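Participant: Have a look at this prediction, sequence included:
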Amino acid sequence: MEDFRKAIHIDQLKRWRRLGRRLSITIAILFILLVIGWPTFKWFVDYIWMNTLGFGNVFTTILSSKIILGFIGFVLFGITSMITLHWIRRVYLNQFGSHQVAAILRKKKAMNLITLFISLIIGLIGSVIVQGVGWEVALKFLKHTSFGIKDPYFNLDVSFYMFVLPFLKFVVYVLLGLTIFFFIIEIGAYSVFNIYRDNRLAQIHMGVTLIILGVLFAVLHFLSIYGTVLTDSVNLFQKSVVHGLSYTDKLINIPKGYILAGVAIISSIWMILALTRGKIHQMIKPIILYISLLIIGQGAAVIVQSFIVSPNEFVREKPFLEHNLTFTRAAYALDDIKVKEHPGNYSLTDDMVKRNELTLNNVRLNDSRPLLDIYNQIQTFRTYYKFNNVDIDRYKVDGKYEQVFIGARELSMDDLPSQAKTWVNRNLRYTHGYGVAMSHVNKVTKQGQPEYMMKNLPPEGTFDVKRPQIYFGEEDYPNVIVNSKVDEFDYPKGEENETHRYEADLGIPLKGLNKVLFAISEGSFRMLVSDQLTKDSQLLATRNIMDRVKKIAPFFEYDEDPYVFIRDDGSLAWIIDAYVTAERYPYSEPHAKHENYIRNSVKVMIDAYTGEVNFYIADPHDPLLKTYERIFPELFTKEIPEDVKAHFRYPQKLFKIQAKMYGTYHMSNLEVFYNREDYWEFPTEKYFNKDIEMNPYYMTMALPDQHQEEFILMMPYTPKKRQNMIAWIGVRNDGEHYGEMFVYRFPKQKNIYGPQQIENRINQDSVISQQLNLWAQGGSKVIRGNLLAIPIEDTVLYVEPIYIESSNETSLPEVKQVVMAYGEHIVMEETFEKALDKILSFVDPDHKGETKADKDNKKDQAKKEKEPLLDSETILREVSQLFDEYRDALGNGDWEKAAEIMTEIESHLEEINK
């Protein structure tokens, strides 16, 4: 009976072992599928998407670099883990008898499996770390381009600091982290029963690790020598006035790097000898020596900086200040800025106004923030339409160069009624936005609303938009399926809706394997089984344009303000500014965190209908871009269509960075630069009733030494802690002059009013301030718009729109007044023309007192006198029809529509009275 029970027990154990083995295999397979299978699946899906857009090679370049580095990381971490674990096991078996160690250590086959499993885990972790951090660094190192500029101390090309040094540090830090990790494991393993004292194998193992650590620390100290040109820190506690190599770096930190590199190797050899001789206490001495030298080095740097440099800082740092000045100007492309003198005269006359009519006709009276609210209330028509942004651009209108506001009417899926959020509606029917709204920057209606150039559905106005559908935009669009059996909603038309069929072929074809893959990727079983899909159906994926470009080229930094424009063929497209940036330009001061080099070398265009993406090279001479071009040769498009190039804008973000840096680095005299005696800063203005730092703004104007108006991005400067305007900086945006920067300096002995001084004068003007207070007390909200400083030839004019918004929740901000300042004169009038006329009456004795508005009225009157009288009966019939519509609107409680109809009735009656 006992034997039978034993037999049963053995059978059960065998069964449990078989079950355990199968379970282990199953878990291992699931683990492999999870770790390897799912990323592989995602890569395959992403490749199909990228290849559909023509960027398959970009994807494979990045993926292959990640796979190679991942394999290297896996082998490096996995093999070293296996060697370390096998060595530790061998030491234990050598040190102890078979009866003294755990049974599992004696089983070679089991230990091999355990070691293999642990090594695989560590290898996978190493693979993720190496490929995740190192792929871009490695590609830049392998394909880097020379800058042709050498640093003045080490005589190395800038490319060494930008591409070679980061790669070397990456390799060293990976190896150092790995070595320290295993050294800690060795200490823990060999501390048991003091194995490291007696066992030669353990001593050899730890000795090898120590020498590797010593070499790596030595390399790190050696590389830190070159790091002195990349920072302003001279020790843990102090910073130098110089960004880059300084006096203390040259005297202390560079020699310290060489000394510590040698000491690191000597210390490791010392520790190995002490370990092998059993003199463990001797191992502490090199560690103490090494730490002491680190402390002494820091102390020496503090002493030199405090007692040698600081008492005579300018003399000590003078040569290094020059390097800092020269290289920072080069890093931010400030070398080519043309500096000119502006007399700041008070010479405004009628003749000057006539000569600069186009400039004055493009003075911006609307601001984008209140304008966005107006667009969203007046031009959306349905709750599911939305304007995300209103951008400023320029177009040729009737042969004249005109600045405009433009916004895209996008579809917001979140604003669909809840009952309409079905799978069919979200994925097949509601697929795109529709059209744009455009308005003059300088014209408003009598009600203070923008005067539209493009409006309504379908779009009507100045331009012929032939493809108004917006499938790709700034909204957080879900992926949709086009060319299904469901007609796509186009735009509302009366009681019915117009429909559309997607006509491009840049979507992902949903047939065969694609359909299965993307159904899994989308997590949509409906996509797989829906009878609404056809053989022509396509998936439009990643439709948010920012997500789209970041997915294609994640190595660029992108501007957060894309803008839409109308192409010559009537299609709509977006432009996004892409920046190439770096953190290791020698001697250059960072503008944010560690970033000290930036260029807008790439312009990205995304077709709003097809989703086609083009990366245009805007600055072919940029060495950093050349490096990316060598890595991804098929990413870029060199030939830029003229209608696209005509809408390139110099980005405000880059201009603001450059202008801020130039505020310091315009000083060429080293002593003035050291003392920051002539530091320029951005002025403040009152905007939306708050004092804020002024932002750069676009102007259509003729430069003082030019006769042709052009699109300019500009910013005034004021001296530090002063409010008068000392200069203004601008950049050209048109044609072959794109990107040319310039500065006009005002005389230092003359006071030129700055924006905040004008704001203060508005507040102090008894008539203007009283009127603004009366409006505010009457329940309305007074909004101060952007104050614009407008250079005209040798003088400067200031303009600020005033918005009035009633307390009603549905009310819109309206431009009701225009404040204009010139010299000692400041006025507020209903229109820009009236304000200018009043200013001219003060400053030009020959002014005739006839405004542009008066001239336009005379022309209209003369035209009407020549035309035959309108048929009064026809007008009265129209008024009668409108009055019926007015009563219906009142009966339905639609007060806004009733008000619009009444305004139209009044205009008809006025026409009869004329």
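Facilitator: Noted; the coordinates are in hand.
Participant: Where does pLDDT dip in the stretch 751-900 of the chain?
Facilitator: 778, 809-810, 849-884, 886-900 (pLDDT under 70).
Participant: That one: helices as residue ranges?
Facilitator: 755-764, 766-777, 832-843, 852-866, 872-891, 895-913 (DSSP state H, counting those that start in this stretch).
Participant: Same question for the stretch 51-200 of the chain.
Facilitator: 56-95, 103-106, 108-143, 158-159, 165-190, 195-198, 200-226.
Participant: what do you get for the stretch 301-450 of the chain?
Facilitator: Using DSSP H, counting those that start in this stretch, helices in the stretch 301-450 of the chain cover 313-331, 350-355, 357-361, 368-378, 423-424.
Participant: If you rank every helix and strand of the chain by mean pLDDT, what lands last?
Facilitator: helix 852-866 (a mean of 51; mean pLDDT, DSSP states H and E).
Participant: OK, contacts around the closest residue to residue 637 other than its chain neighbours?
Facilitator: Counting by C-beta to C-beta, 6 or more residues apart in numbering, residue 614 is the residue found nearest to residue 637 once chain neighbours are left out, at 4.8 Å. Yep, even glycine has a C-beta here, placed from its N, CA and C like the rest. Residues counted as contacts of residue 614 (C-beta atoms under 8 Å, 6 or more residues apart in numbering) are 604-605, 637.
Participant: among those, which ones are buried?
Facilitator: Buried members of the contacts of residue 614, counted by 16 or more other C-beta atoms under 10 Å: 604-605.
Participant: okay, now residue 413: neighbour count?
Facilitator: 19 (other C-beta atoms under 10 Å).
Participant: same deal with residue 642?
Facilitator: If you count neighbours by other C-beta under 10 Å, residue 642 ends up with 8.
Participant: go on, residue 700?
Facilitator: For residue 700, using other C-beta under 10 Å, the count is 24.
Participant: before we move on, what about residue 701?
Facilitator: As a burial measure, residue 701 scores 24 neighbours (other C-beta under 10 Å).
Participant: Same check on residue 500?
Facilitator: When neighbours are defined as other C-beta under 10 Å, residue 500 has 16 of them.
Participant: quick one, what contacts the residue nearest to it when sequence neighbours are not counted?
Facilitator: Closest residue to residue 500 apart from its sequence neighbours, by C-beta to C-beta, 6+ apart: residue 490 at 4.0 Å. Contact analysis of residue 490 by C-beta under 8 Å, 6+ apart lists 432, 434, 469, 497-500.
Participant: ok, of the residues you listed, which come out buried?
Facilitator: Counted by 16+ other C-beta under 10 Å, the contacts of residue 490 give 432, 434, 469, 500 as buried.
Participant: Just put the residues you listed in a markdown table and tack on distance to residue 296 and pLDDT.
Facilitator: Shown next, in a markdown table, are those (distance: C-beta to C-beta, whole Å; pLDDT from 0 to 100):
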| residue | distance to residue 296 | pLDDT |
| --- | --- | --- |
| 432 | 69 | 95 |
| 434 | 72 | 96 |
| 469 | 71 | 97 |
| 500 | 76 | 94 |
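Participant: which one among those gets closest to residue 459?
Facilitator: residue 434 (8.1 Å; C-beta to C-beta).
Participant: can you pull up the bridge partners for the closest one?
Facilitator: Beta-bridge pairing of residue 434 under DSSP bridges involves residue 469.
Participant: I figured it hits residue 492, correct?
Facilitator: No. Using C-beta atoms under 8 Å, residue 434 is not in contact with residue 492, being 9.4 Å away.
Participant: Between the two, which contacts overlap?
Facilitator: Common neighbours of residue 434 and residue 492 (C-beta under 8 Å, 6+ apart) are residue 457.
Participant: Next one: residue 157 from residue 164, what distance?
Facilitator: 9 Å (C-beta to C-beta, to the nearest Å).
Participant: Looking at the two now, which is surrounded by more residues?
Facilitator: A count of neighbours by other C-beta under 10 Å puts residue 157 above the other of residue 157 and residue 164, at 20 against 16.
Participant: give me every residue that touches that one.
Facilitator: 146-150.
Participant: Which stretch among the helices of the stretch 301-450 of the chain is buried most, on average?
Facilitator: Highest mean neighbour count among these (mean count of other C-beta atoms under 10 Å): helix 313-331, with a mean of 20.
Participant: Rounded mean pLDDT for it, please.
Facilitator: The pLDDT scores in helix 313-331 average 96.
Participant: now do stretch 285-301
Facilitator: The model assigns stretch 285-301 a mean pLDDT of 94.
Participant: Please enumerate residues in contact with that stretch?
Facilitator: Contacts of stretch 285-301 (C-beta under 8 Å, 6+ apart): 234-238, 248, 252-253, 256, 259-260, 263-264, 266-268, 270-271, 274.
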